[in-house]
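# Predicted model and sequence follow; I will ask about them next.
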Amino acid sequence: MSKKVRNNKFIGAFVNEMYAILLGIGLGNVLFVQQIDLNNQFELLMGLFVTGIVLLYWWDWTEFLGDNVVSSKAEFIIDFLILINLEVLFLFYNKPENIALIFVFLALLDFAWVINYIIQNKGNFIAKNKTWISEKIVALVLFSTLYCLLKFTFSDISLTYKGLAVFITFILVRKLSFKQLKNAPRYSLEIAKTEDYEIIAEINNSYFDPEKNKAFMITEMTEDIILERIHKNYRYYVLRKFGNEEILGFVELSDTVGEDILSQVSWTNDKYKKQILNNTDSLLYIEKIAVDKSYKKQGVGEALYKNLFAKYSNYSFYAFIMDKPYTNEISMKFHEKLGFEEAGILKLDDFKEFKDYQSKIYYKN
């Protein structure tokens, strides 16, 4: 199992500071080296346009991306190449064809960045990966088409019209291929505070009715119970949207469910048995996970899990889901969707007031 290190300080700070540096160098080059003609409206507008592009990229990094990357060599290389291409824009600020070609390279790098982000960072805020990838492909197609048109089909038109075509295409790409980045909710998975316990208990208890709820909890919860379990080394995490204190859901974790329980599991195969019984140093037991009913079917449960996977990126997970006398089918399908596999079955004659109890153990490596 590969170990990913979530250390955003270097890359986040490096890229953020580099934007300021390249903006200063770029403007200095335009003003003092290339000596822009301030009386030439075309050059002046293109200079402002290129400066605006760099500022937009800087804005996107600061507002949406910098705090969510997983530091890696691939992330560093892609970010560095993007910065270099943005700097090159200043060298060709008054040459629309060259700008269009640089946009093609930037679109390729944006596409590579998205793929790397999805692979490295299994959480935080990107909700629809396939749509995000599609948006970047659209951007690449549009910029490539623009370059071909300016270079081969409309090579004889005036610089003003070429510049206008570059500007319109860039605006179109921003409208079409940055929706996921702008609209996807950003979440924060935090260790629960004392004042959160009441809400956690309320969310849990709203599902406490196996006979009526399709997704349910089999035990009630109070603040005192939470405190008692914390003293037994259970951990509670809550999910919030950035900038909002409202709790959307919670997860209860422990290092183990207990050997007395695991020894009674009928394992699907020896692989799962060995992975769960012999991997205690990098394995976490998920006792409970629940979403506030007000936010059901809004991707919050998936976001909760993805943030959990990102926080414990070098860990595996397992959970028990009740199958008899009541079947929590919704939870089973949800866990399977997120990559959990059925690893075994636990059968007990009597468990928490349930007769002939049976649950399935789900495991994610």
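Thanks, I have it. Residues are numbered from 1 along each chain as shown.

# that's a strand at K288, yeah?
Yes - under DSSP: H, G, I helix; E, B strand; the rest coil, K288 falls within a strand.

# And the pLDDT at it?
K288 is assigned 96 on the pLDDT scale.

# ditto for the one 5 residues further on
Reading off the per-residue confidence, K293 sits at a pLDDT of 95.

# burial count for it?
K293: 11 surrounding residues under other Cβ atoms under 10 Å. All C-beta atoms are positioned from the backbone trio N, CA, C, and that covers glycine.

# For it, which non-adjacent residue is closest in space?
Leaving aside its chain neighbours, K293 sits nearest to S206 (5.7 Å; criterion: Cβ to Cβ, 6 or more residues apart in numbering).

# L149 touches V166, doesn't it?
No - with contact defined as Cβ atoms under 8 Å, L149 and V166 do not form a contacting pair (10.6 Å).

# If you count surrounding residues, which of the two has more?
Using other Cβ under 10 Å as the criterion, L149 and V166 rank with V166 on top: 24 against 17.

# what sits up against the host helix or strand of that one?
Here V166 sits within helix 159-177, counting by DSSP states H and E. Contact with helix 159-177 is made by 42, 45-46, 49, 53, 56, 94, 96-97, 99-100, 103, 107, 135-136, 138-139, 142-143, 146, 149-150, 154, as judged by Cβ atoms under 8 Å, 6 or more residues apart in numbering.

# repeat for stretch 235-247
Outside stretch 235-247, the residues touching it (Cβ under 8 Å, 6+ apart) are 185-192, 196-197, 199-200, 203, 226, 230, 248-254, 292, 300, 303-304, 307-308, 311.

# Please repeat the previous calculation with a cut-off of 6 Å.
Contacts to stretch 235-247, defined as Cβ atoms under 6 Å, 6 or more residues apart in numbering, come from residues 185-192, 196, 199, 248-253, 304.

# For ChimeraX, write the selection for the buried entries among the residues you listed.
Entered in ChimeraX, the line below selects the buried ones among the contacts of stretch 235-247, by 16 or more other Cβ atoms under 10 Å:
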select :185,186,187,188,189,192,196,199,248,249,250,251,252,253,304
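
# so after the helix or strand of the chain with the lowest mean pLDDT, what's the next helix or strand?
Using mean pLDDT, DSSP states H and E, helix 179-183 stands out as the lowest-scoring helix or strand of the chain, at a mean of 67. Downstream of helix 179-183, the first helix or strand assigned by DSSP H and E is strand 187-191.

# Can you spell out which helices and strands pack onto the next helix or strand after that following strand?
Scanning forward in sequence from strand 187-191 by DSSP H and E, the next helix or strand is helix 197-205. With contacts taken as 3 or more Cβ pairs under 6 Å, 6 or more residues apart in numbering; DSSP states H and E, helix 197-205 sits against helix 223-231.
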